[in-house]
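Novice: Turn this into a structure:
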Amino acid sequence: MNMFNFPQIDSSIDVSFIVDGDEYEVQQFKIGFHQPVDSIKNQPEGEVRGGQMMLLLSQTVKSNIYAWALKPWTKKTGAIILKTGTSGVIFEIAFTNAYCIKFHRSVNALGQGLNTTLILSPEKVSVNGIEFDNCWTSM
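Specialist: Okay, the predicted model is just below:
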């Protein structure tokens, strides 16, 4: 299966965030990569960077997630899994040595309940088996 060729049978995709052996349901997920280009030809002129991920969770998170966000040098390894009811896992993003660089908790009394937004910055990402390394130097 092509990396972005999802089966058309299921219009419903379930997304799970897995870290420290816990699984959370994901309401929204984004991942981004970028490469600098020159301003005249739009020709690449630098290394690809990125893999930064945004996750919106609509459930309570455990204390290890708070600790990850509040302790500046804590890194974690985990995955985001996309699956359908009939096809099983259709897409997997694994990350290694990720910092939680943003944590935002909100409560909406108008029916949306509790939301937790995480922004993760990983050293390494595997997108359906395609490896990407930000090549960080050790601190």
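Novice: Please count neighbours and contacts with C-alpha atoms only from this point.
Specialist: Fine.
Novice: for Ile65, helix, strand, or coil?
Specialist: Assigned state for Ile65: helix (three-state reduction, DSSP: H, G, I helix; E, B strand; the rest coil).
Novice: Tell me where the chain has strands.
Specialist: 14-19, 22-34, 49-57, 76-84, 88-108, 113-127, 130-133 (DSSP state E).
Novice: could the ones you listed be laid out in a markdown table, adding distance to Ile65 and mean pLDDT?
Specialist: What follows is these, written out as a markdown table (distance: least, C-alpha to C-alpha, whole Å; pLDDT from 0 to 100):
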| stretch | distance to Ile65 | mean pLDDT |
| --- | --- | --- |
| strand 14-19 | 9 | 96 |
| strand 22-34 | 10 | 95 |
| strand 49-57 | 12 | 95 |
| strand 76-84 | 10 | 96 |
| strand 88-108 | 9 | 94 |
| strand 113-127 | 9 | 95 |
| strand 130-133 | 24 | 96 |
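Novice: and Trp136, how many residues sit next to it?
Specialist: 9 (other C-alpha atoms under 10 Å).
Novice: show me the residues around the residue positioned nearest the centre of the chain that make contact.
Specialist: Centre of the chain computed as the mean C-alpha position; nearest residue by C-alpha atoms, centre = their mean is Met53, 3.7 Å away. Shown in contact with Met53 (C-alpha atoms under 8 Å, 6 or more residues apart in numbering): 29-32, 118-121.
Novice: circling back: what's the closest of the strands of the chain to Lys41?
Specialist: strand 22-34 (16.6 Å; C-alpha to C-alpha).
Novice: coming back round to it: give me the buried entries from the contacts of Met53.
Specialist: 29, 118-121 (16 or more other C-alpha atoms under 10 Å).
Novice: gap between the residue nearest to Lys30 when sequence neighbours are not counted and Cys100?
Specialist: Spatial nearest neighbour of Lys30, excluding adjacent residues (C-alpha to C-alpha, 6 or more residues apart in numbering): Met54 at 5.1 Å. Met54 is 10 Å from Cys100, where distance means C-alpha to C-alpha, to the nearest Å.
Novice: do the same with Ile13
Specialist: Taken as C-alpha to C-alpha, the span from Ile13 to Cys100 is 25 Å.
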